[in-house]
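In: Structural data only, the sequence is not supplied:
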């Protein structure tokens, strides 16, 4: 405990800034990634085979490629194609692409839970296909995927450690632990503090997701 106390006395503000950067990267990656995933899901519902094929390829690529490999490609390979992206946007873009692929996949599973009779009934009432998707199908699908999306958000928060692989102006938790371990003998204590912050953040996200699921779940 003494080591942790001394560590917090020396690096307390740095841990606060690192935790804030971790939260920031999580939020600015999850929101656009979720919205992009919703758009992909809606577009995949249209009866356009070429469009479905392209979007399915998109989902399968970014769902199955390691995040660190994707980040390396964006940072080190794209410049060869004259596409330069700064380090922080590169980390965010990596997380957005991965988040959107998993979101589209989870929403597709949620859509499969919507009874076909509801869609037929909506169409028989004169609703247009896009209106059926946005007013009948998607709202129910979103309510059934709260728990998977909560797990995705936790995974995304943990994946912000990718930022430790590039020289960001600021340091998120993993990068800060690495620096402390290199500069001093307090590496184990720094890891313990960072791990506790990751765990507490994950528990808070899980609690919020559980509360939201109870509120919006569909009783069958």
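Out: Good, I have the coordinates. Everything quoted here is computed from the prediction, not taken from an experiment. Numbers count the residues shown, from 1 in each chain.
In: Stretch 49-56 - what's its average pLDDT?
Out: Per-region confidence: stretch 49-56 scores 93 on mean pLDDT.
In: Tell me the buried residues in it?
Out: For stretch 49-56, the neighbour count (16 or more other CB atoms under 10 Å) marks residue 55 as buried. C-beta coordinates here come from the backbone N, C-alpha and C atoms, glycine included.
In: Mind listing residues that contact it?
Out: Residues outside stretch 49-56 that contact it (CB atoms under 8 Å, 6 or more residues apart in numbering) are 40, 43, 44, 46, 104.
In: what residue ranges in the protein score low on pLDDT?
Out: 1-2, 218-220 (pLDDT under 70).
In: where does residue 168 land in three-state SS?
Out: coil (DSSP: H, G, I helix; E, B strand; the rest coil).
In: again, but for residue 114
Out: Three-state call for residue 114 (three-state DSSP): coil.
In: Tell me, how many residues neighbour it?
Out: A count of nearby residues for residue 114, using other CB atoms under 10 Å, gives 17.
In: same question, residue 195
Out: Residues lying near residue 195 (other CB under 10 Å) number 12.
In: what secondary structure does it sit in?
Out: From three-state DSSP, the assignment for residue 195 is helix.
In: Also residue 84?
Out: Assignment for residue 84 (three-state DSSP): coil.
In: What's the separation between the residue nearest to it when sequence neighbours are not counted and residue 29?
Out: Nearest non-adjacent residue to residue 84, counting by CB to CB, 6 or more residues apart in numbering: residue 78, 7.3 Å away. From residue 78 over to residue 29 the distance is 18 Å, taken as CB to CB, to the nearest Å.
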